[in-house]
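[1] Compute the structure for the input listed below.
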Amino acid sequence: MDAFSNMSSIKQIIQRISLFIFLLVEHFHRSHADVGTAAKYSPPYTPTACYGSDPSQFPSSNLFAAAGDGIWDNGASCGRQYLVRCISATTPYACVPDQTIQIRIVDYAPAAASTPSATGTTMVLSETALGVIANSSANSINIEFQQ
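    Numbers count the residues shown, from 1 in each chain. Predicted coordinates:
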């Protein structure tokens, strides 16, 4: 009977450890965000591919962006909001640590009224938006973003 009770105790310990590991993994699950690149652009910001010259398209915070081909979705991205944070850049120490912004898509990057600091990026951030999450001297940054 002793061998049987020892086996039962070992099974209970293994079950508890398994449950603990499962709960720990669930607690620290990976992010559901996408990774891409961002550049910046400067005024003039109008007209935009989404809303033309309507000044009400821009959030009062000036945290907005133009969508690159990867997220443009034939214009369906107009008005979408994304959480964006800088994760790295070629410029050392360019990212502002632990800084996330919420931006609104108002334009299509290839058709933007002003030239972006880099082409082919996932999104092109307004000067203000880029300046909040990264050093404004960075031409392009790597970002994590989530709708």
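[2] From here on, just use CA atoms for contacts and neighbour counts.
    Fine.
[3] Going by residue numbers, what spans are helices in the chain?
    2-27, 69-72, 127-133 (DSSP state H).
[4] The last one packs against which elements?
    It stands for helix 127-133. strand 34-41, strand 100-108 (3 or more C-alpha pairs under 8 Å, 6 or more residues apart in numbering; DSSP states H and E).
[5] Mind checking those strands for the one nearest to Asn135?
    strand 34-41 (11.1 Å; C-alpha to C-alpha).
[6] CA-only coordinates of that closest one in PDB, if you can.
    Taking Å, rounded to 0.1, in the frame of the first residue of the first chain, the C-alpha atoms of strand 34-41 are listed here in PDB:
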ATOM      1  CA  ASP A  34       2.400  43.000 -35.500                       C
ATOM      2  CA  VAL A  35       5.800  44.300 -36.200                       C
ATOM      3  CA  GLY A  36       6.700  46.700 -39.000                       C
ATOM      4  CA  THR A  37       8.500  49.900 -39.800                       C
ATOM      5  CA  ALA A  38       7.600  53.600 -39.600                       C
ATOM      6  CA  ALA A  39       8.900  56.800 -41.100                       C
ATOM      7  CA  LYS A  40       7.800  60.400 -40.400                       C
ATOM      8  CA  TYR A  41       6.300  63.100 -42.600                       C
END
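[7] Enumerate every residue touching Ser9.
    Applying C-alpha atoms under 8 Å, 6 or more residues apart in numbering, we find Ser9 in contact with no residue.
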